[in-house]
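Asker: here is a sequence with its predicted model. Questions after.
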Amino acid sequence: MLFRDLRLIEPLLKALSNEGYINPTPIQEKSIPVILQKKDLLGCAQTGTGKTAAFVLPLLQMIYQQQLVKKDNRIKALVLTPTRELAIQIGENIRSYGRYLNVRSQVIFGGVPQYSQVQGIRRGADILVATPGRLIDLMQQRHVILNEIRFLVLDEADRMLDMGFVHDVKRILSKLPRHKQTLFFSATMPGEIQRLADALLNDPVKVRVNPVSSTVDTVSQQIYFINKQDKQSLLIHLLKNGLIDTALVFTQMKHGADRLSRNLNKAGIRSEAIHGDKTQKARQTALTNFKNKRARVLVATDIAARGIDIDELKHVVNFELPHIPETYVHRIGRTGRAGASGNAISLCDPSEKPLLRDIQKLIRKNIPVINSHPFSGHRTENTERQRDRSFKYALR
């Protein structure tokens, strides 16, 4: 199927062509026609499936077509998203896809002065992309009025739950008009998120693509069994052997991300760290340096990495395994996007074996073990029996 087959208007098709996009992803193919029919939608899709374009493209089209009949300065669409990075990414996509349309947008998020964001709203914004905290602040100051909203998008709803935003979201929703088209996207559907969706959506069309329990087939996965104290040395070895150009590296904790980034830089590997304690300017600088390949490695925590969209990212490294197995799927979904190939490497120390078991149970796959590395013969932290000679032994 081609984007043209989805009955998108010519200015959008021209913008997509400029971006090099010809074929829609499954979530786009299933969602765009439903949204253009002005139906509510419940989309369950994991990271990297192209869901941002799945709602941005039809929103742009419907707002543009409505402007041909009547144009005003009121906000027509609200996109709620949990993180600054994801809000910025969505804003960039709106500008890219809408470059040939006179549809205005504004992105608002916390952690930076509000002045320029307020001025952008005053100049007029058809689409407002917002994080919950900053939106509530500007609503209380009467800078944002949402009583004319016609379209609502809740993106990454499960992450909003994880980050404690559900009460803020419900507060915002109480200020919106009753009659509107609602698009609800979440990678997972825990009970509270399902109840929120049930309360918001009116006879929705349900679209499910690549459930969170599945990993993309184009991503090659490997496990290195390694002592905890040798992880950093192994990572440096892998980065210096010439097989990895750039890599997104995940750690569990913020201080761990900073420490690992510092040590990589000391080893001569240009690295940046990104996490929730960084200022917005620092986070954007780190991301820009990585995208432009001025830094080979971006070390990130899970929340900071949500919303990072990097073209042609070929390597993701789990320096530490996540405690929630679904997070593993989200992490490695940063590579192998839109049909491209990718490689996910995980470093597993003896204490993380239960986490590995949970991950493999979820994805229903045996992750191949790489035994040939400089640290494979080192004694483990506990006893010789904890040495991992085979994948079968490690998982029984």
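Answerer: Ah, there it is.
Asker: now the helices for the stretch 201-350 of the chain?
Answerer: With DSSP state H, counting those that start in this stretch as the criterion, the stretch 201-350 of the chain has helices at 231-240, 254-266, 280-291, 302-305, 325-332.
Asker: reformat those as CSV; add mean neighbour count.
Answerer: Bear in mind the C-beta positions are built from the backbone N, C-alpha and C, glycine included. As requested, the helices of the stretch 201-350 of the chain are exported to CSV (neighbours: other Cβ atoms under 10 Å):
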stretch, mean neighbour count
helix 231-240, 18
helix 254-266, 18
helix 280-291, 18
helix 302-305, 20
helix 325-332, 23
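Asker: tell me the contacts of the residue lying closest to Thr246 once chain neighbours are set aside?
Answerer: In this structure, Thr246 finds its nearest non-sequential neighbour in Arg296, 5.2 Å apart by Cβ to Cβ, 6 or more residues apart in numbering. Applying Cβ atoms under 8 Å, 6 or more residues apart in numbering to Arg296 gives the contacts Leu239, Asp245, Thr246, Ala247, Ile269, Arg270, Ser271.
Asker: now Ile172
Answerer: Leu80, Pro132, Leu135, Ile136, Met139, Leu146 are the contacts of Ile172 under Cβ under 8 Å, 6+ apart.
Asker: can you pull the contacts of Ala54?
Answerer: Ala54 touches Thr25, Ile27, Gln28, Ser31, Ile32, Ile35, Gly43, Ala45, counting by Cβ under 8 Å, 6+ apart.
Asker: element containing it?
Answerer: helix 51-69 (DSSP states H and E).
Asker: which residues of the stretch 51-200 of the chain score low on pLDDT?
Answerer: Counting by pLDDT under 70, the ranges of the stretch 51-200 of the chain that qualify are 69.
Asker: in it, which spans are strands?
Answerer: Here the stretch 51-200 of the chain has its strands, by DSSP state E, counting those that start in this stretch, at 77-80, 105-108, 127-130, 151-154, 181-186.
Asker: which one of those strands is the most hemmed in?
Answerer: The highest mean neighbour count among these, using mean count of other Cβ atoms under 10 Å, belongs to strand 127-130: a mean of 26.
Asker: distance between that strand and the chain's centre?
Answerer: Distance, stretch centre to chain centre, for strand 127-130: 17 Å (Cα atoms, centre = their mean, to the nearest Å).
Asker: quick check: Ile345 touching Lys314?
Answerer: No. Counting by Cβ atoms under 8 Å, Ile345 stays clear of Lys314, with 11.0 Å between them.
Asker: neighbour count: these two, which is higher?
Answerer: Ile345 (22 against 18; other Cβ atoms under 10 Å).
Asker: and the more buried one, what pLDDT?
Answerer: Ile345 is assigned 95 on the pLDDT scale.
Asker: beta partners of the closest residue in space to it that isn't next to it in sequence?
Answerer: Among residues not flanking Ile345 along the chain, Val317 sits closest, at 4.8 Å (Cβ to Cβ, 6+ apart). Bridge pairing for Val317 (DSSP bridges) gives the partners Val249, Ile345.
Asker: report how many residues lie close to Val317.
Answerer: Applying other Cβ under 10 Å, I find that Val317 has 24 neighbouring residues.
Asker: ok, Ala125 next?
Answerer: 22.
Asker: next one: Thr81
Answerer: Counted with other Cβ under 10 Å, the neighbours of Thr81 add up to 30.
Asker: same question, Ala199
Answerer: Using other Cβ under 10 Å: Ala199 sits among 9 other residues.
Asker: then Asn18?
Answerer: With other Cβ under 10 Å as criterion, Asn18 counts 12.
Asker: let's have the strands of the stretch 51-200 of the chain in JSON lines, adding distance to Gln222.
Answerer: Formatted as JSON lines, these follow (distance: least, Cβ to Cβ, whole Å):
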{"stretch": "strand 77-80", "distance to Gln222": "37"}
{"stretch": "strand 105-108", "distance to Gln222": "37"}
{"stretch": "strand 127-130", "distance to Gln222": "37"}
{"stretch": "strand 151-154", "distance to Gln222": "35"}
{"stretch": "strand 181-186", "distance to Gln222": "29"}
